[in-house]
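Trainee: Mind folding the following:
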Amino acid sequence: MRTAFQRAGLVVAVAASAFVAVPATADAAAAAASPTAVCGADGHSYSVVASSPVKFSSGAVAGTVYLLYSSGSGKNCVVTVKTSYTGTATFTTAQLIIQNGNTYVDQGNYTSYAGPVRGSAAGKCVKYWGSINTGPDGQAGANASGGRMSWGNCG
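Mentor: Next up is the predicted model:
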(Lines give C-alpha, C1' and ligand atoms only; values in the text may rest on other atoms or scores of the structure.)
Protein backbone atom coordinates (compact mmCIF):
# COMPACT_ATOMS: atom_id res chain seq x y z
CA MET A 1 0.00 0.00 0.00
CA ARG A 2 2.77 2.42 0.91
CA THR A 3 4.56 1.72 -2.40
CA ALA A 4 1.41 2.51 -4.36
CA PHE A 5 0.98 5.78 -2.44
CA GLN A 6 4.59 6.80 -3.13
CA ARG A 7 4.13 6.11 -6.82
CA ALA A 8 0.96 8.14 -6.84
CA GLY A 9 2.80 10.97 -5.09
CA LEU A 10 5.54 10.80 -7.71
CA VAL A 11 2.99 11.04 -10.50
CA VAL A 12 1.40 14.06 -8.84
CA ALA A 13 4.80 15.72 -8.38
CA VAL A 14 5.71 15.11 -12.02
CA ALA A 15 2.35 16.41 -13.21
CA ALA A 16 2.63 19.48 -10.99
CA SER A 17 6.14 20.29 -12.23
CA ALA A 18 5.01 19.90 -15.84
CA PHE A 19 2.15 22.28 -15.15
CA VAL A 20 4.49 24.86 -13.65
CA ALA A 21 6.79 24.67 -16.70
CA VAL A 22 4.03 25.70 -19.11
CA PRO A 23 3.72 29.30 -17.89
CA ALA A 24 7.51 29.70 -17.86
CA THR A 25 7.64 28.52 -21.48
CA ALA A 26 4.76 30.81 -22.42
CA ASP A 27 6.53 33.75 -20.71
CA ALA A 28 9.73 32.98 -22.61
CA ALA A 29 7.82 32.85 -25.91
CA ALA A 30 6.09 36.15 -25.12
CA ALA A 31 9.43 37.80 -24.30
CA ALA A 32 10.93 36.45 -27.53
CA ALA A 33 7.95 37.89 -29.43
CA SER A 34 8.63 41.46 -28.33
CA PRO A 35 8.36 43.45 -31.58
CA THR A 36 11.50 45.46 -30.78
CA ALA A 37 13.48 42.27 -30.09
CA VAL A 38 12.16 40.51 -33.21
CA CYS A 39 12.95 43.45 -35.51
CA GLY A 40 16.24 44.14 -33.72
CA ALA A 41 17.59 40.70 -34.57
CA ASP A 42 19.37 42.41 -37.51
CA GLY A 43 21.56 44.30 -35.03
CA HIS A 44 19.72 47.64 -35.23
CA SER A 45 17.53 49.30 -32.63
CA TYR A 46 13.85 49.71 -33.61
CA SER A 47 11.05 51.75 -32.07
CA VAL A 48 7.31 51.12 -32.42
CA VAL A 49 5.78 53.94 -34.50
CA ALA A 50 2.29 52.44 -34.99
CA SER A 51 0.29 49.39 -33.98
CA SER A 52 -3.17 47.96 -34.61
CA PRO A 53 -5.17 45.18 -33.01
CA VAL A 54 -5.63 42.07 -35.14
CA LYS A 55 -9.34 41.38 -34.71
CA PHE A 56 -11.98 38.90 -35.81
CA SER A 57 -15.21 40.25 -37.30
CA SER A 58 -16.77 39.69 -33.84
CA GLY A 59 -14.33 42.24 -32.41
CA ALA A 60 -12.33 39.68 -30.43
CA VAL A 61 -8.61 40.44 -30.52
CA ALA A 62 -6.18 37.69 -31.59
CA GLY A 63 -2.99 39.77 -31.49
CA THR A 64 -1.32 43.00 -32.54
CA VAL A 65 0.50 44.05 -35.71
CA TYR A 66 3.35 46.49 -35.13
CA LEU A 67 5.10 48.95 -37.45
CA LEU A 68 8.58 49.84 -36.26
CA TYR A 69 11.36 52.10 -37.52
CA SER A 70 15.14 52.11 -37.08
CA SER A 71 16.85 55.46 -37.58
CA GLY A 72 20.17 53.58 -37.63
CA SER A 73 19.28 51.45 -40.65
CA GLY A 74 16.57 53.68 -42.16
CA LYS A 75 14.30 50.64 -42.35
CA ASN A 76 10.72 49.96 -41.35
CA CYS A 77 9.82 46.59 -39.85
CA VAL A 78 6.49 44.80 -39.35
CA VAL A 79 5.73 42.00 -36.88
CA THR A 80 2.37 40.37 -36.08
CA VAL A 81 2.37 39.05 -32.49
CA LYS A 82 -0.27 36.52 -31.44
CA THR A 83 -2.02 36.90 -28.07
CA SER A 84 -4.55 34.13 -28.81
CA TYR A 85 -3.71 30.65 -30.08
CA THR A 86 -0.12 31.08 -28.85
CA GLY A 87 1.77 27.83 -28.82
CA THR A 88 -0.44 26.50 -31.61
CA ALA A 89 0.82 26.75 -35.17
CA THR A 90 -1.76 28.82 -37.06
CA PHE A 91 -1.43 30.65 -40.36
CA THR A 92 -0.09 34.10 -39.45
CA THR A 93 1.11 36.94 -41.70
CA ALA A 94 3.03 40.21 -41.48
CA GLN A 95 3.11 42.61 -44.44
CA LEU A 96 4.92 45.89 -45.23
CA ILE A 97 3.98 47.83 -48.37
CA ILE A 98 6.22 50.69 -49.49
CA GLN A 99 4.73 53.42 -51.72
CA ASN A 100 6.16 53.16 -55.25
CA GLY A 101 8.30 50.31 -54.01
CA ASN A 102 8.25 46.75 -52.79
CA THR A 103 5.89 44.64 -50.74
CA TYR A 104 7.44 42.42 -48.06
CA VAL A 105 5.46 39.50 -46.63
CA ASP A 106 6.15 36.77 -44.12
CA GLN A 107 3.48 34.11 -43.79
CA GLY A 108 3.34 30.61 -42.42
CA ASN A 109 2.19 28.39 -39.59
CA TYR A 110 3.64 30.15 -36.55
CA THR A 111 3.15 29.60 -32.82
CA SER A 112 3.81 33.15 -31.57
CA TYR A 113 4.50 35.70 -34.34
CA ALA A 114 5.02 36.37 -38.05
CA GLY A 115 7.85 38.55 -39.28
CA PRO A 116 10.01 40.40 -39.17
CA VAL A 117 9.62 41.93 -42.61
CA ARG A 118 11.92 44.89 -43.23
CA GLY A 119 12.26 47.44 -46.01
CA SER A 120 13.80 50.84 -46.62
CA ALA A 121 11.17 53.54 -47.14
CA ALA A 122 13.23 56.74 -47.08
CA GLY A 123 11.11 59.56 -48.54
CA LYS A 124 8.12 57.22 -49.00
CA CYS A 125 4.94 56.31 -47.17
CA VAL A 126 4.08 52.82 -45.91
CA LYS A 127 1.12 50.56 -45.23
CA TYR A 128 1.24 47.62 -42.81
CA TRP A 129 -1.02 44.64 -42.26
CA GLY A 130 -1.19 41.45 -40.22
CA SER A 131 -3.50 38.47 -39.97
CA ILE A 132 -4.01 35.45 -37.74
CA ASN A 133 -6.10 32.49 -38.83
CA THR A 134 -7.38 29.93 -36.32
CA GLY A 135 -6.43 27.03 -38.60
CA PRO A 136 -3.19 25.90 -40.21
CA ASP A 137 -2.43 27.08 -43.76
CA GLY A 138 -5.34 29.54 -43.57
CA GLN A 139 -7.81 26.68 -44.03
CA ALA A 140 -10.95 25.88 -42.06
CA GLY A 141 -10.53 28.69 -39.60
CA ALA A 142 -11.71 32.16 -38.75
CA ASN A 143 -9.50 35.02 -39.92
CA ALA A 144 -8.49 37.99 -37.79
CA SER A 145 -6.78 40.96 -39.42
CA GLY A 146 -5.63 44.48 -38.73
CA GLY A 147 -3.24 47.21 -39.68
CA ARG A 148 -3.38 50.32 -41.80
CA MET A 149 -4.13 50.10 -45.52
CA SER A 150 -3.82 53.85 -46.10
CA TRP A 151 -0.46 55.56 -46.65
CA GLY A 152 1.21 56.91 -43.53
CA ASN A 153 4.49 57.25 -41.64
CA CYS A 154 5.88 59.14 -44.61
CA GLY A 155 9.46 60.29 -44.57
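Trainee: which stretches of the protein form strands?
Mentor: 47-55, 61-70, 75-82, 90-98, 103-110, 113-120, 126-133, 143-152 (DSSP state E).
Trainee: so how many other residues sit close to residue 74?
Mentor: For residue 74, the count of nearby residues is 12 (other CB atoms under 10 Å). The C-beta positions use only the backbone N, C-alpha and C, and glycine is treated the same way.
Trainee: actually residue 122, not the one I typed
Mentor: Counted by other CB under 10 Å, the residues lying close to residue 122 total 9.
Trainee: Spit out the contact partners of the residue nearest the centre of the chain.
Mentor: Nearest to the mean C-alpha position of the chain, by CA atoms, centre = their mean, lies residue 81 at 2.0 Å. Applying CB atoms under 8 Å, 6 or more residues apart in numbering, we find residue 81 in contact with 33, 35, 38, 63, 64, 65, 66, 112, 113.
Trainee: one more time with 6 Å, if that's ok
Mentor: Contact analysis of residue 81 by CB atoms under 6 Å, 6 or more residues apart in numbering lists 33, 63, 64, 113.
Trainee: Pretty sure residue 110 sits against residue 92.
Mentor: Yes - when contacts are counted by CB atoms under 6 Å, residue 110 is listed as touching residue 92 (4.5 Å).
Trainee: Would you mind telling me which of the two has the busier surroundings?
Mentor: Applying other CB under 10 Å to residue 110 and residue 92 shows that residue 92 carries more neighbours, namely 29 against 23.
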